[in-house]
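Participant: I'll drop the sequence and a predicted model, then ask my questions.
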Amino acid sequence: MSTGAREVLTGGCQCGAVRFRVEGPLGTASICHCRMCQKAFGAFYAPLVSVREETVLTWTRGEPKRFQSSNHVARGFCPECGTPLTYEAPDGVGIAIGAFDEPDKIAPVIQYGVEGKLPYADRMSEIPARTTEEDEETLVFLATIVSNQHPDHDTETWPQALPAASAEAQKTEN
């Protein structure tokens, strides 16, 4: 039984200069292995989810800058921090899954451009893995990190107030 409520998802870039809201059902979630997507994301592949025609995409803070990566496609990214955000083609818009505040809710169901797949992409689960805390050589370094990344939720202002430790560090630098 439907309540009539539309699903709402939010997201944005790493620094928070660009934020978005998607109201309504998303389309197909995919991974693209083509070389253009690899370069656009600086990664092995691009995880994207399409925005359906009946779904409303609203830029709630800022807007992506766009790079015309081909005669048919523009790619949106944050003009401040460079986070990849969109794939914009004549048939619609795709949003980077990792840019959503809750990316775990959007699982890819198909892979495209597999002719460009890097030869080791299917073997990633075979590579030894460890949690961040298991990397004992970097524990001291990790303990001193003060993140400037925007939180995974909307905020009233941007940029957010600096954490206390970061604000103190800036006072001593000036």
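Facilitator: Alright, I've got the coordinates. All values derive from a computational prediction rather than experimental measurement. Residues are numbered from 1 along each chain as shown.
Participant: contacts only, for the most centrally placed residue in the chain.
Facilitator: For the chain, the residue nearest the mean C-alpha position is A99 (2.3 Å; CA atoms, centre = their mean). Each residue near A99 by CB atoms under 8 Å, 6 or more residues apart in numbering is listed here: 11-13, 20, 83-85. (Glycine included, C-beta is placed from N, CA and C.)
Participant: now the two most distant members of those.
Facilitator: For the contacts of A99, with distances taken as CB to CB, the pair at the greatest spread is F20 and P84 (13.1 Å).
Participant: ranges for the strands of the chain?
Facilitator: Secondary structure of the chain (DSSP state E): strands at 8-12, 19-23, 26-32, 46-51, 56-61, 65-68, 74-77, 84-89, 92-96, 110-112.
Participant: possible to save these as a markdown table with mean neighbour count and mean pLDDT?
Facilitator: Shown next, in a markdown table, are the strands of the chain (neighbours: other CB atoms under 10 Å; pLDDT from 0 to 100):
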| stretch | mean neighbour count | mean pLDDT |
| --- | --- | --- |
| strand 8-12 | 20 | 97 |
| strand 19-23 | 20 | 97 |
| strand 26-32 | 19 | 97 |
| strand 46-51 | 23 | 98 |
| strand 56-61 | 14 | 97 |
| strand 65-68 | 13 | 98 |
| strand 74-77 | 22 | 98 |
| strand 84-89 | 22 | 97 |
| strand 92-96 | 22 | 97 |
| strand 110-112 | 13 | 97 |
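Participant: now these as JSON lines including distance to L142?
Facilitator: What follows is the strands of the chain, written out as JSON lines (distance: least, CB to CB, whole Å):
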{"stretch": "strand 8-12", "distance to L142": "25"}
{"stretch": "strand 19-23", "distance to L142": "28"}
{"stretch": "strand 26-32", "distance to L142": "29"}
{"stretch": "strand 46-51", "distance to L142": "26"}
{"stretch": "strand 56-61", "distance to L142": "30"}
{"stretch": "strand 65-68", "distance to L142": "32"}
{"stretch": "strand 74-77", "distance to L142": "28"}
{"stretch": "strand 84-89", "distance to L142": "26"}
{"stretch": "strand 92-96", "distance to L142": "26"}
{"stretch": "strand 110-112", "distance to L142": "33"}
